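**Student:** quick one: sequence plus predicted model below, questions after.
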Amino acid sequence: MSTETVLQSYVVAYVFWLCMSLGCFGLMLLHHVLRGRWGLVILRLLEAGSKTLPLMAIGMVPILLAYRTLYPWASPDIAAHDHVLHAKLWYLNAPFWIGRTVAFFAFWIGMTALLTRWTKAEDRTGDPDYGQKRSNVSAPGLVLYVLSVTFAFTDLVMALEAHWFSTIWGVLFVVQQGLAAMSLVVLIVLVGSRRPPFAGLVTPALTRDLGNMLLTLTMLWGYLSISQYLIIWQTNLPEEVQHFVVRQHEGWNWVATFVVIGQFFVPFLLLLSTALKRSARMLGTVAAGILLVRAVDVIWTVAPGFQNQAAHSVALDAAMIVTVGLAWWAWFAAARRTAAPLPSYDPRLVEAVSHA
């Protein structure tokens, strides 16, 4: 097993877990803007997931050190004989690439620290002004989140195929991140629905709201995915179609079929059922299935983009996702212990806890 093969699988695993962290971050911002009842029970989970971003910043270091091995634009020999890459070197160059990465993580981590500090301050003081502060910051924060994710995943994933581009790429990753994070927190809440701190709070009304969030994100993923495919298929430009041509050979077409069925058709049809969304056990099963297919989708999206695929191992991808996931989960569990399991500043949740 070569070092290059291990690095490739590490990138696949890293992308999956970075999507999880950023999905929690994005949903946390969304909750602070909307202040919906659905987000109160899962807020501390979203905060804990967002607090794993320092771990992901550390995890980015091996990729930064090995960028010459992973990215074709970083190879002087390749870039010198490729006019497309040569034209993009004003953007795809090591100092600018690393600088952007540092800036993105500084924004994500700084915003997380600020918002979590304000939620704990409101718990402590009961001052409702903190809620308005969070909304005021989170609204522009959502816009910056979408922009930063667009550029970050262009640098991290799209740049593996430097001729390829898609204007839907950033928004698609935003939705994928939300879907992965929502699936995880829904699964955690529903698995622990009979134990503190969630005992008595997981009502049919809550599971319906969470199920509707999963349904909305599933529909958005399907819409954006088919839009991207149809636009590229219709224009039929060589630099664009190559992305899908590569993924229709070597068994990747079967993986794509599995993802489309498992990521859209099955959860979409199941989540249309109000009865299913009111059942904690059934909704938890759907969330677990979505989470599994998310991992497969990340492998399908990232792995075929590497220059040297001859020795690439999907089994190693799966093993690496589990390995990185253990570190992510340990950091996530530690982050959960830094705050009360439920926010106490919102009277709607306080009344529900008292009733339970």
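**Tutor:** Thanks, I have the structure now.

**Student:** give the buried residues for stretch 225-237.
**Tutor:** Under the neighbour-count criterion of 16 or more other Cβ atoms under 10 Å, stretch 225-237 has Ser225, Gln228, Tyr229, Ile232 buried. Any C-beta I mention is one placed from the backbone N, CA and C, and that applies to glycine too.

**Student:** of those, which belong to helices?
**Tutor:** If you go by DSSP state H, the buried residues of stretch 225-237 have Ser225, Gln228, Tyr229, Ile232 in helices.

**Student:** could you export those as TSV, including pLDDT and distance to Met111?
**Tutor:** As requested, those are arranged in TSV below (pLDDT from 0 to 100; distance: Cβ to Cβ, whole Å):
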residue	pLDDT	distance to Met111
Ser225	95	28
Gln228	91	28
Tyr229	91	33
Ile232	88	33
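
**Student:** contacts for the helix or strand encompassing Trp329, please.
**Tutor:** Taking DSSP states H and E as the criterion, the element that holds Trp329 is helix 314-336. For helix 314-336, the external contacting residues (Cβ atoms under 8 Å, 6 or more residues apart in numbering) are 1, 5-6, 9-10, 12-14, 16-17, 20-21, 44-45, 47-49, 51-52, 55, 59, 295, 298-299, 303.

**Student:** among those residues, which ones are in strands?
**Tutor:** The subset of these located in strands under the criterion DSSP state E is empty.

**Student:** which ChimeraX command selects the buried ones in these?
**Tutor:** Restricted to buried positions by 16+ other Cβ under 10 Å, the ChimeraX selection for the contacts of helix 314-336 reads:
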select :5,9,10,12,13,14,16,17,20,21,44,45,47,48,49,51,52,55,59,295,298,299,303
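
**Student:** between the ones in helices among the buried residues of stretch 225-237, which is nearest His81?
**Tutor:** Ile232 (25.9 Å; Cβ to Cβ).

**Student:** just the strands in this structure please.
**Tutor:** According to DSSP E, the chain contains no strands.

**Student:** shaky segments in it?
**Tutor:** Low-confidence regions of the chain, defined here as pLDDT under 70, cover residues 309-311, 350-356.

**Student:** give me phi/psi at the residue lying farthest from the centre of the chain?
**Tutor:** Among the C-alpha atoms of the chain, the one farthest from their average position, using Cα atoms, centre = their mean, is that of His81, at 35.3 Å. Dihedral angles phi and psi of His81 (degrees, to the nearest 10) take the values phi -110, psi 10.

**Student:** with Ser273 instead?
**Tutor:** Note on Ser273: backbone dihedrals following degrees, to the nearest 10 are phi -80, psi 120.

**Student:** use 400 as the first number for this chain going forward.
**Tutor:** In the new count, where the first residue is 400, that last one comes out as Ser672.

**Student:** burial measure for it, as a count.
**Tutor:** Residues within reach of Ser672, counting by other Cβ atoms under 10 Å, total 15.

**Student:** separation between it and Leu609?
**Tutor:** 14 Å (Cβ to Cβ, to the nearest Å).

**Student:** on that earlier part again, same list (the buried residues of stretch 624-636) but as TSV, adding distance to Trp651.
**Tutor:** Formatted as TSV, the entries for those read as follows, by distance: Cβ to Cβ, whole Å:
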residue	distance to Trp651
Ser624	15
Gln627	16
Tyr628	14
Ile631	16
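
**Student:** pick the one among those closest to Trp563.
**Tutor:** Each of the buried residues of stretch 624-636 was scored against Trp563 by Cβ to Cβ, and Ile631 proved nearest at 9.5 Å.

**Student:** before we move on, the earlier item: the helix holding Trp728: which residues count as buried?
**Tutor:** When neighbours are counted by 16+ other Cβ under 10 Å, the buried residues of helix 713-735 are found to be 713, 715-717, 719-720, 723-724, 727, 730-731, 734-735.

**Student:** who touches the residue lying closest to Lys532 once chain neighbours are set aside in this structure?
**Tutor:** The spatially closest residue to Lys532, leaving aside those adjacent along the chain, is Trp517, at 5.9 Å (Cβ to Cβ, 6 or more residues apart in numbering). When contacts are counted by Cβ under 8 Å, 6+ apart, Trp517 touches Tyr529, Lys532, Arg533.
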